[in-house]
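>>> Predicted model follows, preceded by the sequence.
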There are 2 protein chains.
Amino acid sequence: MSERVFGVDIGGTTVKMGMFTRQGDLMEKWEIPTRTEDKGKNILPDIASSIKEKMEKDGISTLDVVGIGISVPGPVDDSGTVHRCVNLGWDVFDIDEEMKKYIDVPVFAGNDANAAALGEAWKGGGKGCRNVVVVTLGTGVGGGIIVNGKILSGHMGAGGEIGHIHIDDSETEKCGCGNCGCLEQYASATGIARLANRRLAKDDTPSSIRGVQHMNAKVVFDAVKAGDALAKEVAEQFGDILGKGLANVADVTNPEMFVIGGGVSKAGQVVIDYIQKNYVKYVFHGSRDSKFTLATLGNDAGIFGSAKLVLDGVAAS
Amino acid sequence: MSERVFGVDIGGTTVKMGMFTRQGDLMEKWEIPTRTEDKGKNILPDIASSIKEKMEKDGISTLDVVGIGISVPGPVDDSGTVHRCVNLGWDVFDIDEEMKKYIDVPVFAGNDANAAALGEAWKGGGKGCRNVVVVTLGTGVGGGIIVNGKILSGHMGAGGEIGHIHIDDSETEKCGCGNCGCLEQYASATGIARLANRRLAKDDTPSSIRGVQHMNAKVVFDAVKAGDALAKEVAEQFGDILGKGLANVADVTNPEMFVIGGGVSKAGQVVIDYIQKNYVKYVFHGSRDSKFTLATLGNDAGIFGSAKLVLDGVAAS
């Protein structure tokens, strides 16, 4: 029997699970519901049961299992201790120790955003690169910095918080983090909608996006593709702000590749074009040649990254 | 005979050299001139001769030498290839291979700014911390990012270029790098002088630094300590800009400690006070507790860091 790695991505409503070869090929994936009741005490036993069921069905013994990687929606330190997950009802505990009660294989845990970034860097848009910055443009702006193939988690797991890079001194509205003028306030899906609404309110310039009921990033970029001048102005502002923010990230980390994912990236190459042409204006020349590409793994990034946590963890131990 | 490590820091006029124990204690240090004539072809032979002389004097055999670490004022990639050093007259070559012609011990090369940062993180202000950002406020603003005890050099060795983080959209004067509005234009020694001169030119507010012939950071911070209101305004602007820049660095890297060095830091704790009170205003809450301290190794940081390059290199190989 060849070796298997399990990648698990715990979300607030479903747990995504994947079985991989040791080389990182995804063989099968499935989901189970996340039972958050009773302070989430069933979540880990449910995961163990599901994996054991899978193993039994395929005739896999625990000796064939390299390990289980688990990504959780909250801070996890290098020792595998989870520091509260509000969405799961979890308090502080050692996820490895707890999981061992249900299944006797090595367990490696990490934060979900970081794991997803690791997955994209490993088998997605950043494949083949050792130094990658993954940027997720969703409701917020998430990030993951991969340095020499490893997640940069920092002293307390707060590395890669690029959505909260300070960009605009003149901002008066508060970001969710409590500060004003964070990158996320302009470059997330909601941020782009806000830029569009602000631009529309400024004057009466005609535009196909004027009067749209639910302004969002898709509306803006669809209009850009159709040649709408005002939408292009909004995209330019988005690209200028995000390009500036990512230039600052590159001045610190000098990545080979930026991988752009999340809902906003579904608009495709046009998003990258607006970011990159502004990025090169601001970045130090040593990082001017960093490349940009779209994320490719979508919702599977988390299970890929969790599987990679296992392979890295086993290699280091 | 116990083991010895040599740390070498090549500057444009002198080569600093140190002999260390394997534990990183500096036993002796000395300097030789840097002979940059003939495309700098004598520099490495001179270093080898000086080390061999020292070894002979102390009865040290090549078997007792763990290795020689060499920091150079230019880009060096992970394989030890130097990519031109204008100040030394050097073109592209493998420093390890070249050095082996003169002395048969392991050689590890690195960039001088990064090596100095590694030294400060290892035995200076950052001692005991695994995640450190070293900021050198000199003629320019240099930086070195230490992640899990290792230099973050990035894809092409351009990691840690924090002096070129973009800070001010409204700047019209160019930075040495060709961009406008880089951190270095405000937070370096020359940057502080520029801030002071701009403030003085704005109006006639009386100040002890008005009419000073050679404006510099020392003049400004001496006036701050003496209670000069205008100098305090300048220091506040310096602290706001640098605090904002370092907040962005922390949002990416989440360090435990910032180590502030270079000529400007000689003004002491007052420099840190102005930076830190502004830093906490801009940084993401996950990095709000990062600490600040002054560099302690001064000009020896480079030889310490070069010695550490050896110990890390030997451990990895």
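Sure thing, it's come through. Numbering: from 1, shown residues only, chains lettered A, B, ... in the order given.

>>> Next up, the contacts around A:Val271.
Taking CB atoms under 8 Å, 6 or more residues apart in numbering or on different chains as the contact definition, A:Val271 lies against A:Leu137, A:Phe221, A:Ile260, A:Val264, A:Ser265, A:Leu294. C-beta coordinates here come from the backbone N, C-alpha and C atoms, glycine included.

>>> Compute the number of surrounding residues for the last one.
Pointing back at A:Leu294 there. A:Leu294: 17 surrounding residues under other CB atoms under 10 Å in any protein chain shown.

>>> so how far is stretch A:17-34 from its chain's centroid?
Using CA atoms, centre = their mean, to the nearest Å, the distance from the centre of stretch A:17-34 to the centre of the chain it belongs to is 18 Å.

>>> can you list the residues that contact it?
Stretch A:17-34 is contacted from outside by A:2-16, A:40, A:43, A:46-47, A:50-51, A:54, A:66, A:88, A:122-123, A:300, A:303-304, A:306-308, A:311, using CB under 8 Å, 6+ apart.

>>> Buried members of those into ChimeraX, please.
Here is the ChimeraX command that selects only those of the contacts of stretch A:17-34 that count as buried (16 or more other CB atoms under 10 Å in any protein chain shown):
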select /A:4,5,6,7,8,9,10,11,15,16,40,43,46,47,50,51,54,66,88,122,123,300,303,304,306,307,308,311
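
>>> So which of the contacts of stretch A:17-34 sit within helices?
When these are checked against helices (DSSP state H), the matches are A:40, A:43, A:46-47, A:50-51, A:54, A:122-123, A:303-304, A:306-308, A:311.

>>> Which one of the residues you listed is nearest to A:Tyr282?
A:Trp122 (28.4 Å; CB to CB).

>>> and the gap between the closest one and A:Ala307?
Between A:Trp122 and A:Ala307 the distance, using CB to CB, to the nearest Å, works out to 9 Å.

>>> With A:Met19 instead?
Applying CB to CB, the value for A:Met19 to A:Ala307 is 9 Å.

>>> Pull up the overlap in contacts between those two.
Taking CB under 8 Å, 6+ apart as the contact definition, A:Met19 and A:Ala307 share the neighbouring residues A:Val5, A:Phe6.

>>> any idea which element A:Asp91 lies in?
In this structure, A:Asp91 is located in strand A:90-94 according to DSSP states H and E.

>>> That strand: which residues count as buried?
Counting neighbours by 16+ other CB under 10 Å, one finds that the buried residues in strand A:90-94 are A:Trp90.

>>> Quick one: name whatever helix or strand follows that strand.
Tracing the chain past strand A:90-94, the next element assigned as helix or strand by DSSP H and E is helix A:95-100.

>>> how is chain A carved up into domains?
Taking automatic domain parsing as the criterion, chain A consists of the domains A:4-117+A:300-316, A:128-295.

>>> Pipe the ones you listed into JSON lines and attach distance to B:Val133 and mean pLDDT per row.
JSON lines is the format used below for the domains of chain A (distance: least, CB to CB, whole Å; pLDDT from 0 to 100):
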{"stretch": "domain A:4-117+A:300-316", "distance to B:Val133": "19", "mean pLDDT": "94"}
{"stretch": "domain A:128-295", "distance to B:Val133": "9", "mean pLDDT": "96"}
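
>>> What parts of chain A come near chain B?
Remark: the part of chain A in contact with chain B comprises A:129-131, A:145, A:147, A:152-162, A:164-166, A:177-179, A:244, A:247-249, A:251-256, A:281-282, A:284-287, A:289-290, using CB under 8 Å from any CB of the partner chain.

>>> Out of the residues you listed, list just those in helices.
In this view, the residues of chain A next to chain B that belong to helices under DSSP H are A:Lys244, A:Ala247, A:Asn248, A:Val249, A:Asp251, A:Val252, A:Thr253, A:Lys281, A:Tyr282.
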